[in-house]
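**Student:** A predicted structure for the sequence below; I have some questions about it.
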Amino acid sequence: MTREFEAEYTLEAGVRCPHCEKRIETVQVVRLLRTKVNFTSSLPRRGQVMICPKCEVVLGADVGGVI
């Protein structure tokens, strides 16, 4: 299975994924695109989420800012 992701980031220190509990040293970034909204929205049209490269669960993280 080929995973499509926007970017891959290396962590300064390895951590355990809270879902699969495997040690990870990188996270992958997947782009979000807003495709439908039923109201006038001030929400951004794009965003990104970080996923565990082992189990592909969305992780609570942020690129370029403080969590």
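**Tutor:** Done, it's in.

**Student:** going forward, measure contacts and count neighbours with C-alpha atoms only.
**Tutor:** Noted.

**Student:** could you export the helix or strand bottoming out on mean pLDDT in the chain as PDB, CA atoms only?
**Tutor:** Ranked by mean pLDDT, DSSP states H and E, the helix or strand of the chain with the weakest confidence is strand 46-51, at a mean of 86. What follows is strand 46-51, C-alpha atoms only, in PDB (Å, rounded to 0.1, in the frame of the first residue of the first chain):
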ATOM      1  CA  ARG A  46      -6.900  24.100   3.800                       C
ATOM      2  CA  GLY A  47      -5.100  22.600   6.700                       C
ATOM      3  CA  GLN A  48      -3.100  19.700   7.700                       C
ATOM      4  CA  VAL A  49      -3.000  16.800  10.100                       C
ATOM      5  CA  MET A  50      -0.100  14.700  11.400                       C
ATOM      6  CA  ILE A  51      -0.400  10.900  11.400                       C
END
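
**Student:** ok, which stretches of the protein are strands?
**Tutor:** 7-16, 23-33, 46-51, 58-59 (DSSP state E).

**Student:** how about these in TSV, adding distance to Thr40 and mean neighbour count?
**Tutor:** Output for the strands of the chain, formatted as TSV (distance: least, Cα to Cα, whole Å; neighbours: other Cα atoms under 10 Å):
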stretch	distance to Thr40	mean neighbour count
strand 7-16	30	11
strand 23-33	16	17
strand 46-51	15	17
strand 58-59	27	16
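
**Student:** rank those by pLDDT, which is bottom?
**Tutor:** Between the strands of the chain, the lowest average pLDDT goes to strand 46-51, which shows a mean of 86.

**Student:** now do that one: which elements does it pack against?
**Tutor:** Using 3 or more Cα pairs under 8 Å, 6 or more residues apart in numbering; DSSP states H and E, the elements in contact with strand 46-51 are strand 23-33, strand 58-59.

**Student:** redo those strands as TSV? Include distance to Val49.
**Tutor:** Shown next, in TSV, are the helices and strands packed on strand 46-51 (distance: least, Cα to Cα, whole Å):
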stretch	distance to Val49
strand 23-33	5
strand 58-59	7
